[in-house]
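Engineer: Sharing a model that was predicted from the sequence below.
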Amino acid sequence: MTTANEKQIGGKHYAAQYQHWDWVHDVGLGYHAGNATKYITRAFKKNGKEDLQKALHYIAKCEELQVPFVDNGGIVAKTVKLAQANDLTAKQKDALISICFANWSDARHDIAAIQSAL
């Protein structure tokens, strides 16, 4: 039987050993923050600046909803594991960590740096 991680519908941007959706579960992110991080994670592999604009849109919603920071332990280590498995840049990794800690201004700053690198 094929697992969900062994199958992707469209594209090849989720082919890593440690996938984004596993990381979202492991760190305990909710829907909005999880989607923001999804778009940051795949920006270099799929839709570039459009993905980063979507991430910013989800971050704006997180701010409106006053999404709290994640207190799940091991966030930095798990994010480093995700970054290594998916060839993320240092700024992508930093943006994910900022989102986990609900530091929206730092996340926006990191996304701006990522956009400059595209």
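Structural biologist: On my side now, so go ahead. Residues are numbered from 1 along each chain as shown.

Engineer: Which helix or strand contains the residue positioned nearest the centre of the chain?
Structural biologist: The chain has residue 37 as the residue nearest its centroid, 2.1 Å off, counting by Cα atoms, centre = their mean. In this assignment (DSSP states H and E), residue 37 forms part of helix 31-42.

Engineer: Once you drop chain neighbours, what's closest to the residue nearest to the centre of the chain?
Structural biologist: Nearest non-adjacent residue to residue 37, counting by Cβ to Cβ, 6 or more residues apart in numbering: residue 96, 5.1 Å away. Yep, even glycine has a C-beta here, placed from its N, CA and C like the rest.

Engineer: List the contacts of the one you found.
Structural biologist: 37, 40, 41, 79, 82, 83, 88 (Cβ atoms under 8 Å, 6 or more residues apart in numbering).

Engineer: ok and the helix ranked longest in the chain relative to helix 31-42, angle-wise?
Structural biologist: Among the segments of the chain that qualify as a helix by DSSP state H, the longest is helix 48-65. Following axes from the mean of the first three to the mean of the last three Cα atoms, to 10 degrees, one obtains 160 degrees for the angle between helix 48-65 and helix 31-42.

Engineer: residues of the strand or helix carrying the residue nearest to residue 37 that come out buried?
Structural biologist: Assigned by DSSP H and E, residue 96 belongs to helix 90-100. Going by neighbour count (16 or more other Cβ atoms under 10 Å), the buried part of helix 90-100 is 91, 92, 93, 94, 95, 96, 97, 98, 99, 100.

Engineer: next helix or strand past it?
Structural biologist: Heading C-terminal from helix 90-100 (DSSP H and E), you reach helix 104-117.
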